[in-house]
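Undergrad: task: produce atomic coordinates for the following.
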Amino acid sequence: MRKRIAVLLAGALIGMTGCGGVKVVSPEAGNSSQKAEFEKIKTPEDEKVVLNIVDWSDSTKDAREKLNEQFMKDHPNVTVNYTTLTQAQFNETMLSGIRAGDAPDLFPLPSTVTFSTAVSEGWFLPMNLYLEEDFFAQIQPEFLCENVTMKGEDVYLLPEAVDIPSALLFYNRALLEEVGAEIDPEKVTWEEFRQICEQVTENGDGKYYGMVASGAQKNRMDIELRAFSEVGGAKLGPAGQVFLQEEQTTFADPEVVQAFDLYQELYEKGCFHPDTASLTAPEARKLFGEGKAAFLVQGAWCIPVWEKDNPDLDFGVMKVPVNEKLPDGKLLRPFTKGWMGISANSKHPDIAAEYLKYLYSYEYQKKLMAQGGFVSVRGDLGEKDIENEHMRRYYQYAMEQSIAVPNPVAENGNIELVYSMIQPVVPDFGDIASSIFSGKEIYKKELKNYASQLQENLERSVETVKKQKDISLSDFNYKDGR
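TA: Numbers count the residues shown, from 1 in each chain. Next comes the predicted model:
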C-alpha cells in the first residue's frame, strides 16, 4: 500500500499564530511555498531491518532493553539498535549527521534547536502518516499542541513524559546524621544549606563532600543555577525561552548573582566533590549513589537507578533551598516539550511507528511509573499510578514549589519565529554556571555580558520578524499566569 502526503516546508521563517494554524512564509519564498511529498512505506515482513534509535533516556535503559527484546520477539525480522547519550553529548554530536540526512530512524529534538526549525528543515515525518487517531487519543490533549509537537493537523513529535521541575535535591541521610544535621525537607534556607555542606565536607576529610554537580554538562548546570535563581525571586523561564521584565533581560539581576554567589562560596570552601568540573550527570549521580556527597541536584530519573544499583543508599528528597529574603520562593514549572520523532530519512518509518506503539503502550508506561522517575503523558495514567514513595515525594514537592504558566510559544507562534532566528550568545547561561568550577570568579562580568548581548540579539530578531508579523518585545514579558 502506498500513500502520498504533502507537507509544508517553509524555509527560514516558519511558525503558527496561536492554535489557529496561520502559515508564515519566509521573505525569500515570496507567496510561494515549498512542498515535499512523502510516500507511505510498507516494509515486507521478511525484509531484514535494523531500527536505529538514539536518545538520552539512560535512567530507563534497563526497561527499554526489555521492551526492545519483546519488540524483536514479536517482529523477528527487526533488530533494534538502541543507543543512549547524555543530552549534551547528543546536542554536540548528532546535529551534523541529522542535517546531512544521516539520522537514526527515531531520535529526539535536540534542546538547542527549535521545533519549527526542525520541521522547516524536514527532519521528521508527520506521524499521522503511519499512526491512527486512536493512538494519539491516548495522549493527554494538552501535550499535542501547535508549535510544540504539531504543525497544523500533522504531529511530528511525541513528548517523553510530563515535565516537572528536575532541580529538586536529593540528600544522603547517613552523611547528615554523622554531623548531627537535621533538616526539614520542605524548608531549608541557603544559610542552613551552606552550613551543612561545610560540616559534611569537614567531617568527610576527603572521603565525601557536601555536594556534587554535573559540572561538565552545561544543560544541567543551567537548570541548577536557574532553579536557585528563581527561588530567589528571578523569573528566568525555561532554557530555550526568554522571559523579560519590562522588556529587559534579567540574567544579571541581583537575584541571579546571589544564587551564583552561593555556589561560588561553596566551591571556594571545598564543599563540591573535587571531580565536579569533569562530571556528566550520570557520573555525578553515580558518585552520590556511592555516598561521596551529601547533596545532589537532579531529576526524579535518579530514583530507579539508585534503587537498583545502590539498594543500601538511604536517601531523601527535599525542595530547593530558599533565599532567606524570600522564604516562599517558587520555580517556574517547565513546559512539556516535544521529544521523539520519526526521521524523514528513515527507510522503515512504518517499523519506527510500530515501535512507538510499544513505547507508549499502557503496560510499558505504567511499568515506568511504578518504578519511579517518570510521569506518563497518557491520559489513563496519572499521579495515582506513582507507586514509588521517593517518586511520590519528588512529584509532590515539585508541584508545591513550582508555578505553572502557559507556554507562550504554544499561544503565539510568532514568538518561536523569533527564537528560530535569534543568534546564540557564547558563553551562554549554562557555560557561565559551569565556569564556577574553573577556579576563576568571572561569572559577574559574564552574566552582564550575556544579558546585554541576549537583549541585543532578541531585539534584532524581533525587529526582523516584526516586518511581517505582529510581534514586540512586550510579548516576551513575564506575566503571572501569563
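Undergrad: just the element for the residue nearest to the spatial centre of the chain, please.
TA: By CA atoms, centre = their mean, the chain has its centre lying nearest to S111, at 6.9 Å. Of the helices and strands defined by DSSP states H and E, none includes S111.
Undergrad: wait, it sits on P238?
TA: No: look at S111 against P238 with CB atoms under 8 Å: they stay out of range, at 10.0 Å. No exception for glycine: its C-beta is placed from N, CA and C like everyone else's.
Undergrad: which residues of the stretch 101-250 of the chain score low on pLDDT?
TA: In the predicted model, the stretch 101-250 of the chain carries no residue with pLDDT under 70.
Undergrad: can you show me the helices along the stretch 1-150 of the chain?
TA: Along the stretch 1-150 of the chain, counting by DSSP state H, counting those that start in this stretch, helices occupy 61-74, 87-93, 95-99, 115-120, 133-136.
Undergrad: what's the answer for the stretch 201-350 of the chain, then?
TA: Using DSSP H, counting those that start in this stretch, the helices found in the stretch 201-350 of the chain span residues 218-231, 254-268, 281-289, 302-309, 349-359.
Undergrad: ok, which of those comes nearest P327?
TA: Evaluated over the helices of the stretch 201-350 of the chain, closeness to P327 peaks at helix 218-231, with 9.5 Å, by CB to CB.
Undergrad: list the buried residues for that closest one?
TA: For helix 218-231, burial by neighbour count (16 or more other CB atoms under 10 Å) applies to 218-231.
Undergrad: reformat those residues as a markdown table; add distance to M211.
TA: As requested, the buried residues of helix 218-231 are exported to a markdown table (distance: CB to CB, whole Å):
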| residue | distance to M211 |
| --- | --- |
| K218 | 18 |
| N219 | 18 |
| R220 | 13 |
| M221 | 13 |
| D222 | 17 |
| I223 | 15 |
| E224 | 10 |
| L225 | 13 |
| R226 | 17 |
| A227 | 14 |
| F228 | 12 |
| S229 | 17 |
| E230 | 19 |
| V231 | 16 |
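Undergrad: count residues in the vicinity of K445, would you?
TA: Residue neighbour count, defined by other CB atoms under 10 Å, stands at 11 for K445.
Undergrad: next one: G232
TA: When neighbours are defined as other CB under 10 Å, G232 has 24 of them.
Undergrad: P406 too?
TA: 12.
Undergrad: try E192
TA: 16.
Undergrad: wait, E441 sits on D261?
TA: No: when contacts are counted by CB under 8 Å, E441 is not listed as touching D261 (9.8 Å).
Undergrad: I139 and E400, how far apart?
TA: From I139 across to E400, the span is 26 Å (CB to CB, to the nearest Å).
Undergrad: who has more neighbours out of these two?
TA: Neighbour count, other CB under 10 Å: between I139 and E400, I139 has more, with 18 against 10.
Undergrad: contacts only, for the residue lying closest to that one once chain neighbours are set aside.
TA: Leaving aside its chain neighbours, I139 sits nearest to V377 (5.4 Å; criterion: CB to CB, 6 or more residues apart in numbering). V377 makes contact with 139-140, 143, 158-162, 336, 360 under the criterion CB atoms under 8 Å, 6 or more residues apart in numbering.
Undergrad: quick check: the gap between V377 and Q138.
TA: 9 Å.
Undergrad: report the set of residues contacting both of the two.
TA: Common contact partners of V377 and Q138 (CB under 8 Å, 6+ apart): Y360.
Undergrad: list the contacts of the nearest residue to L262 once chain neighbours are set aside.
TA: Distances taken as CB to CB, 6+ apart place W190 nearest to L262, at 5.5 Å, with adjacent residues excluded. Applying CB under 8 Å, 6+ apart to W190 gives the contacts 262, 321-324.
Undergrad: one more time with 10 Å, if that's ok
TA: Contacts for W190 were tallied using CB atoms under 10 Å, 6 or more residues apart in numbering; they are 228, 231-232, 258-259, 261-262, 265, 320-325.
Undergrad: make a ChimeraX selection of the buried ones in the residues you listed.
TA: Only the buried members of the contacts of W190 enter the following ChimeraX selection, criterion being 16+ other CB under 10 Å:
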select :228,231,232,258,259,262,320,321,322,323
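Undergrad: same list (the contacts of W190) but as JSON lines, adding distance to R194.
TA: Formatted as JSON lines, these follow (distance: CB to CB, whole Å):
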{"residue": "F228", "distance to R194": "12"}
{"residue": "V231", "distance to R194": "15"}
{"residue": "G232", "distance to R194": "14"}
{"residue": "Q258", "distance to R194": "12"}
{"residue": "A259", "distance to R194": "12"}
{"residue": "D261", "distance to R194": "11"}
{"residue": "L262", "distance to R194": "7"}
{"residue": "E265", "distance to R194": "7"}
{"residue": "V320", "distance to R194": "14"}
{"residue": "P321", "distance to R194": "9"}
{"residue": "V322", "distance to R194": "13"}
{"residue": "N323", "distance to R194": "12"}
{"residue": "E324", "distance to R194": "11"}
{"residue": "K325", "distance to R194": "15"}
